[in-house]
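Engineer: fold the stuff below for me.
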Amino acid sequence: MSNKKIINIGIIGIGTIGKRHLMAIDQIDDINLVGIVDLSEPAQKFCIDKNIPLFKNLNHLLQNNRVDGVIISTPTISHCENAISAMELGLDILIEKPIAATTIEAQEITKTAIKNKCKVLVGHQRRFYPLVLKTKEIVKNEELGKVVGLSGLWALRKDKDYFIPGWRKEVTAGPVITNLIHDIDYLRFIFGDIGEVSAFSSNIVNNFNKEDIVTANLKFKNGILGNFLITDSGTSPWSWETATGENIHLPNLIENNLRIVGTKGSLEFPNLKIWKYKNNGENWMDEIYSQDFTVSNIDPYISQINHFKDVINRKVEPVTSSEDAELTLKVALSILDSAVNKKSISI
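Structural biologist: Numbers count the residues shown, from 1 in each chain. As a prediction, the model looks like this:
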């Protein structure tokens, strides 16, 4: 018989990402799903089919269950309300990214966590990838020399059904807040904080309130310059998801979508390929070669849930705290602000 303590988890919101968390929970013996909170008809059908208890609200879930923590995977606009409700009941939370729709809401989450002595883990799961940790190590050890710049691209064409829910047509669910925020977070994690941004945006494809395409310039506080183009209305093989296979519903194409440039070498990311001059060459006339790095492949959602378990047991601090996630959100919102007001924004 195992002596491991069973951690009881609830999920608020069982849409696409909630189901992804559920898949991870199913792989871990000492984490138990006690139920799901969701009022939608698809949730009712899903829970009946899977024989999972469904509750109308968190208080209803807690009436007859011991709950140690909850995963909040609702639309961004309701993150703050759900997070505060959970923490007022004394529960630790794993809240999906972005932490909230505004920085003020993010600060309210932090204040509530402190008041109720709860822990907040924000779902920037890419920090758990060995390839991200390896890149951070490569940069720290100056294997590329001094990093001077980076350039990224995320371009996928989301299907029409994706935009049927009205909330997905709003800026709070646009590609900057939904997708680019992941890249902002791992870029901050690897290279340090971003101090200034400028951007252009357009909605010429779908004409929704949200943006269809954005180009963003990034100036890191350590002097690194970067840019990113992102669109959810374009056809290409270039995205994190298709490069890593993270999204099981998308093809795994193994095409890198970020290039990091240093004085002594460059790195293609996320499938790590380093470029350097042969024989310690130092200029553009020298021969250049490439070398692929091999790192282990993991399910980051399993790693994240295991980490949440350790956070609940007070063995570790959250790898992405509410304060940290607020900084990532601030960068994303500043990109949107810059595009609307046509000016550079200092973070």
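
Engineer: please name the residues that touch W240.
Structural biologist: W240 makes contact with 126, 154, 182-183, 246, 257, 270, according to CB atoms under 8 Å, 6 or more residues apart in numbering. Placement of C-beta: from N, CA and C, glycine included.

Engineer: what's the closest of these to I345?
Structural biologist: Nearest to I345 out of the contacts of W240 is D183 (CB to CB; 17.6 Å).

Engineer: name the element A339 belongs to?
Structural biologist: If you go by DSSP states H and E, A339 is part of helix 322-341.

Engineer: so after that helix, what's the next helix or strand?
Structural biologist: Next element after helix 322-341 (DSSP H and E): strand 345-346.

Engineer: could you check the pLDDT of P42?
Structural biologist: P42 is assigned 94 on the pLDDT scale.

Engineer: same thing with P165?
Structural biologist: The predicted local confidence for P165 is 91.

Engineer: likewise for T172?
Structural biologist: In this model, T172 is scored at 87, pLDDT.

Engineer: shaky segments in the protein?
Structural biologist: Along the chain, the model assigns pLDDT under 70 to residues 1-3.

Engineer: can you give me the helices for the stretch 101-250 of the chain?
Structural biologist: Using DSSP state H, counting those that start in this stretch, the helices of the stretch 101-250 of the chain run over 103-116, 130-140, 175, 181-191, 240-244.

Engineer: quick check: the gap between the nearest residue to F208 once chain neighbours are set aside and D212.
Structural biologist: Excluding the flanking residues, the one nearest F208 by CB to CB, 6 or more residues apart in numbering is K169, at 4.0 Å. Using CB to CB, to the nearest Å, K169 is found at 11 Å from D212.

Engineer: kindly report the same for G152.
Structural biologist: G152 is 18 Å from D212, by CB to CB.

Engineer: then L91?
Structural biologist: In terms of CB to CB, L91 sits 38 Å off from D212.

Engineer: and what of S233?
Structural biologist: Distance, S233 to D212, using CB to CB: 4 Å.

Engineer: list residues touching both of these two?
Structural biologist: Counting by CB under 8 Å, 6+ apart, the contacts common to S233 and D212 are 205-206.

Engineer: what number of residues lie near F191?
Structural biologist: When neighbours are defined as other CB atoms under 10 Å, F191 has 20 of them.

Engineer: what's the answer for the one 3 residues further on, then?
Structural biologist: I194 has 24 neighbours, counted by other CB under 10 Å.

Engineer: what does I36 give?
Structural biologist: By the criterion of other CB under 10 Å, I36 has 24 neighbours.

Engineer: cool, the one 5 residues further on as well?
Structural biologist: Look at E41: counted by other CB under 10 Å, it has 8 neighbours.

Engineer: next: A216.
Structural biologist: So A216, with other CB under 10 Å, has 27 neighbours.

Engineer: what residues are bridge-paired with it?
Structural biologist: On the basis of DSSP bridges, A216 is bridged to A199, F228.

Engineer: contacts only, for the closest residue to Q291 other than its chain neighbours.
Structural biologist: Spatial nearest neighbour of Q291, excluding adjacent residues (CB to CB, 6+ apart): I274 at 5.2 Å. Shown in contact with I274 (CB under 8 Å, 6+ apart): 138, 143-144, 265-268, 290-291, 293.

Engineer: measure I274 to R259 for me?
Structural biologist: Separation of I274 from R259 (CB to CB): 11 Å.

Engineer: again, but for E170
Structural biologist: Separation of E170 from R259 (CB to CB) stands at 32 Å.

Engineer: does I298 touch F128 like I think?
Structural biologist: Yes: between I298 and F128 there is a contact at 7.0 Å, judged by CB atoms under 8 Å.

Engineer: residue furthest from the geometric center of this protein?
Structural biologist: Distance from the centre of the chain peaks at M285, with 40.1 Å (CA atoms, centre = their mean).

Engineer: what about that residue, which SS state?
Structural biologist: coil (DSSP: H, G, I helix; E, B strand; the rest coil).

Engineer: now for I274 and R259: what residues contact both?
Structural biologist: Shared contacts of I274 and R259 (CB under 8 Å, 6+ apart): 266-268.

Engineer: these in strands, which ones?
Structural biologist: Using DSSP state E, the subset of those located in strands is 266-268.

Engineer: quick one: which of those residues is most hemmed in?
Structural biologist: Among those, the one with the most neighbours (other CB under 10 Å) is L267, at 25 neighbours.

Engineer: who's the closest residue to it other than its chain neighbours bridged to?
Structural biologist: In space, and not counting its chain neighbours, L267 is closest to I260: 4.4 Å by CB to CB, 6+ apart. Judged by DSSP bridges, the bridge partners of I260 are L150, L267.

Engineer: show me the contacts for I260.
Structural biologist: Listed by CB under 8 Å, 6+ apart, the contact partners of I260 are 135, 139, 144, 147, 149-150, 266-269.

Engineer: and it, how far from L144?
Structural biologist: Here the distance between I260 and L144 works out to 7 Å (CB to CB).

Engineer: name the residues contacting each of those two.
Structural biologist: In contact with both I260 and L144: 266-267, using CB under 8 Å, 6+ apart.

Engineer: what angle separates the helix holding A339 from helix 181-191?
Structural biologist: Relative orientation of helix 322-341 versus helix 181-191 (axes from the mean of the first three to the mean of the last three CA atoms, to 10 degrees): 120 degrees.

Engineer: who's in contact with helix 322-341?
Structural biologist: Contacts of helix 322-341 (CB under 8 Å, 6+ apart): 97-100, 102-103, 106-107, 109-110, 113, 120, 122, 124, 171, 174, 176-177, 180-181, 184-185, 188, 193-194, 197-201, 211, 214, 216, 218, 344-345, 347.
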